[in-house]
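1. please find the sequence and the predicted model below.
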Amino acid sequence: MSEILKLENINYSYIDGGYERQILKDLSYTFEEGKFYTILGPSGSGKTTLLSIIAGLDSAKSGEIYFKGTNVNESGVFQYRRNGISIVFQQYNLISYLTAVENVLLAMSETDNELPKDRKNVAYNLLERFGIVKTKADRLVTQLSGGEQQRVAIARALSTNVDLIFADEPTGNLDTATEKEIIDIFKSLAHEYGKTIIVVTHSDAVSEMSDQRVLLKDGILEKL
C-alpha cells in the first residue's frame, strides 16, 4: 500500500489561564491508502484538534501535511478540502430543509473531481448502497432516524469521489447494532473502494474493528 497522508512535526498549543498548553508535540505519522484507521486517546488529548488540523479546518502552529506527496500549504488548503477529503461528523451536519438525495447532490456540486453525468441517479444508487431506499431518499433528512442520517452523511462524503474520509465520533449517538453497521460501511469503503478512512473515537468496539489502531498520547501518535 502506498502513502496517502503524511504528517511531519505537527505542533499545536493554546493559552489556558495565562499558560501555554502544548497539545501536539512534533507529531509525525504516515497513513496508507485503502486502510481504516481509528485514533484513540484520553479526553483532552487533542484527538478532535488533530482531526481538525489534518482536515484543513484549523492550522497547526508549525509542521507540514502532505497529501499524495504534495505539501497541502503549497497546493492550497481550499483545493485539498474541496477535492481531496470529506468529513463525517457526529452530528451529521446535514442541511435540514433538504431531502437526503438533495444533500448528496449539493456535495457533488461543490467538487472539481470528475463525476458521472447522471448525478441524481448516482446519488440515489449511493444512498441505496447504504440502506436508504428511494422513498427515504426523497424525504427531508429530519424525517430520518439518527442511523439513517449518518448513512446519508457517509453517502455524501463518498459522492465527491475523494480518497480520504475523516470521521469524528461518527457512532457516538447511535445504538450498538447501528454502530456496527456504520463501521462495516467504513471497512467496505477502505477494502472494496480503496478509500482511506480515519476515525476519531472513544469506542473500543469501533477501534477493534479497524485495520490500525493509533493512540494519541502526550502529543504524539503511536501504533497500538
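-> Structure received.
2. buried residues of the lengthiest helix in the chain, list them for me.
-> Longest helix in the chain, counting residues (DSSP state H): helix 176-193. By 16 or more other CB atoms under 10 Å, the buried positions in helix 176-193 come out as 178-179, 181-183, 185-186, 189-190. To be clear about C-beta, it is placed using only N, CA and C from the backbone, and glycine gets the same treatment.
3. need these in CSV (columns: distance to K6).
-> Below are the buried residues of helix 176-193 laid out as CSV (distance: CB to CB, whole Å):
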residue, distance to K6
T178, 33
E179, 30
E181, 32
I182, 27
I183, 25
I185, 26
F186, 21
L189, 21
A190, 18
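4. pull the most distant pair out of those.
-> T178 and A190 (19.3 Å; CB to CB).
5. mind checking the SS state of the residue nearest the centre of the chain?
-> In the chain, the residue lying closest to the centroid (CA atoms, centre = their mean) is F166, at 1.3 Å. When classified by DSSP: H, G, I helix; E, B strand; the rest coil, F166 comes out as strand.
6. who's it bridged to?
-> On the basis of DSSP bridges, F166 is bridged to I87, I198.
7. which ones are touching it?
-> 51, 54-55, 85-88, 198-200 (CB atoms under 8 Å, 6 or more residues apart in numbering).
8. swap in L51?
-> Contacts of L51 (CB under 8 Å, 6+ apart): 39, 166, 168, 198, 200.
9. leaving aside the residues adjacent along the chain, what's closest to it?
-> Closest residue to L51 apart from its sequence neighbours, by CB to CB, 6 or more residues apart in numbering: V200 at 5.1 Å.
10. what about E3, distance to E192?
-> Noted for E3: a distance of 21 Å to E192, by CB to CB, to the nearest Å.
11. just R81 next, same as before
-> Between R81 and E192 the distance, using CB to CB, works out to 25 Å.
12. circling back: how much space separates the residue nearest to the centre of the chain from E102?
-> Taking CB to CB, one finds F166 at 23 Å from E102.
13. next: N83.
-> 21 Å.
14. closest to G76 among the contacts of L51?
-> Checking these against G76 by CB to CB gives F166 as the nearest, at 18.2 Å.
15. would you confirm that A137 contacts A100?
-> Yes - at 4.6 Å, A137 counts as touching A100 under the criterion of CB atoms under 8 Å.
16. okay, now G34: neighbour count?
-> Number of residues near G34 (other CB atoms under 10 Å) recorded here: 18.
17. can you tell me the closest non-neighbouring residue to it?
-> According to CB to CB, 6+ apart, the nearest residue to G34 is G194 (4.5 Å).
18. wasn't D26 part of a helix?
-> No - under the criterion used here (three-state DSSP), D26 is strand, not part of a helix.
19. got the contact list for it?
-> D26 sits in contact with 9-11, 63, 219-220, where contact means CB under 8 Å, 6+ apart.
20. same check, this time on R156
-> Neighbour list for R156: 86, 94, 103-104, 107 [criterion: CB under 8 Å, 6+ apart].
21. let's see it at 7 Å
-> 103-104, 107 (CB atoms under 7 Å, 6 or more residues apart in numbering).
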